[in-house]
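Peer 1: Make a model of this:
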Amino acid sequence: MNAENKINLNELLRIELEKEKTSKTNLDKVNRPISNKINREMLVKDELLKIILEHAKEYPQFKNESSVYEVKESLSFLGKLASDKFAPFFLIATLTIKEYFKNLKIIADKKKRKQTREDYTRKKAEKAIDMLCDIQDYFFNFNDIDKENVYKKCIDTIIDALDYEIYLTRKKTITPAIANRNFDKSFYSLLEKNIKNNNLTPLELAKAITRLRVTIRNIFNNKPNIRTKSDKEA
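Peer 2: Here you go, the predicted model:
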């Protein structure tokens, strides 16, 4: 009986030693330092290039090799930068680039005198306000009748609501200056906050962002990207 117990104890001890050995091996794997050979700078440039080309895919002018090369060159300033916050960085960058392409299209449509749905709706709302004012003055302008005063107040509420919506659409009017400022400000804030080991001065960073934006805009408008000229026009 004692011999059997001794055998069982030895077996249990062997099993526990094996478990401890396995656990230590797994812990060593977890604690093993991660290789720092990943070129984060290339990842930033490549990913931003993909984002830009993805949002430019509906425009044929961005599909030729020279355009891709120009965009890639305009991102070369990121070669001096490194980022360890890829997820939030690229999410905000995507939203900024998407918004800029949207604004470029709005500006281009205005130049072609195209009326957007927002323009059409705003004009309809302005006409509706005029009609409601006429209806109110003609039918519900009797202060001594309570029932009709209720209708008058209802019309006032609708007119106020429409006025506010019209104000909001006008406030959102996009001009080239607004589109440029929004892009530059958003990208500068993004890079300044999320990029570490920055070898660029604030002025150099601002110029590089402007050059990127001008490159995108010129390709969108089918204009040549001449560096000296672009820098002056930015």
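
Peer 1: Quickly list the domain ranges of this structure.
Peer 2: Domain ranges of the chain: 1-32, 40-234, per automatic domain parsing.

Peer 1: Worst mean pLDDT among the ones you listed?
Peer 2: Mean pLDDT across the domains of the chain is lowest at domain 1-32; the value there is a mean of 58.

Peer 1: Let me see the residues that make contact with stretch 126-139.
Peer 2: For stretch 126-139, the external contacting residues (C-beta atoms under 8 Å, 6 or more residues apart in numbering) are E148, Y151, K152, I155, D156, I158, I159, L162, D163, I166. (Glycine included, C-beta is placed from N, CA and C.)

Peer 1: ugh, typo on my part, it should be stretch 94-113
Peer 2: 51-52, 55-56, 116, 174-176, 178-179, 182-183, 186-187, 190, 213, 216-217, 220-221.

Peer 1: coming back round to it: buried deepest among the domains of the chain, which one?
Peer 2: Mean neighbour count (mean count of other C-beta atoms under 10 Å) peaks for domain 40-234 among the domains of the chain, with a mean of 15.

Peer 1: On the three-state scheme, N222 is what?
Peer 2: Three-state call for N222 (DSSP: H, G, I helix; E, B strand; the rest coil): coil.

Peer 1: sec struct for the closest residue in space to it that isn't next to it in sequence, please.
Peer 2: Using C-beta to C-beta, 6 or more residues apart in numbering and skipping the chain neighbours, the partner closest in space to N222 is Q61 (5.5 Å). Reduced to three states with three-state DSSP, the structure at Q61 is helix.

Peer 1: can I get the contacts of stretch 126-139 in TSV with secondary structure?
Peer 2: Formatted as TSV, the contacts of stretch 126-139 follow (three-state DSSP):
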residue	secondary structure
E148	helix
Y151	helix
K152	helix
I155	helix
D156	helix
I158	helix
I159	helix
L162	helix
D163	helix
I166	helix
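
Peer 1: what's the closest of those to N199?
Peer 2: I166 (48.6 Å; C-beta to C-beta).

Peer 1: so the closest one touches A125, yeah?
Peer 2: Yes - counting by C-beta atoms under 8 Å, A125 is a contact partner of I166 at 5.5 Å.

Peer 1: what helix or strand is V150 on?
Peer 2: Per DSSP states H and E, V150 falls inside helix 146-171.

Peer 1: after that helix, next one along is what?
Peer 2: Next element after helix 146-171 (DSSP H and E): helix 176-194.

Peer 1: for that next one, packing partners?
Peer 2: helix 86-111, helix 202-220 (3 or more C-beta pairs under 8 Å, 6 or more residues apart in numbering; DSSP states H and E).

Peer 1: okay, these in a markdown table with distance to V71 next?
Peer 2: As requested, the helices and strands packed on helix 176-194 are exported to a markdown table (distance: least, C-beta to C-beta, whole Å):
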| stretch | distance to V71 |
| --- | --- |
| helix 86-111 | 11 |
| helix 202-220 | 6 |
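
Peer 1: closest one to E70 among those?
Peer 2: helix 202-220 (5.5 Å).

Peer 1: Contacts made by that closest one with the rest, please.
Peer 2: Residues from elsewhere that reach helix 202-220 (C-beta under 8 Å, 6+ apart): 52, 56, 59, 61-62, 67, 70-71, 73-75, 77, 100-101, 104, 108, 180, 183-184, 187-188, 191-192, 198, 200, 224-225, 227, 230-231, 233-234.
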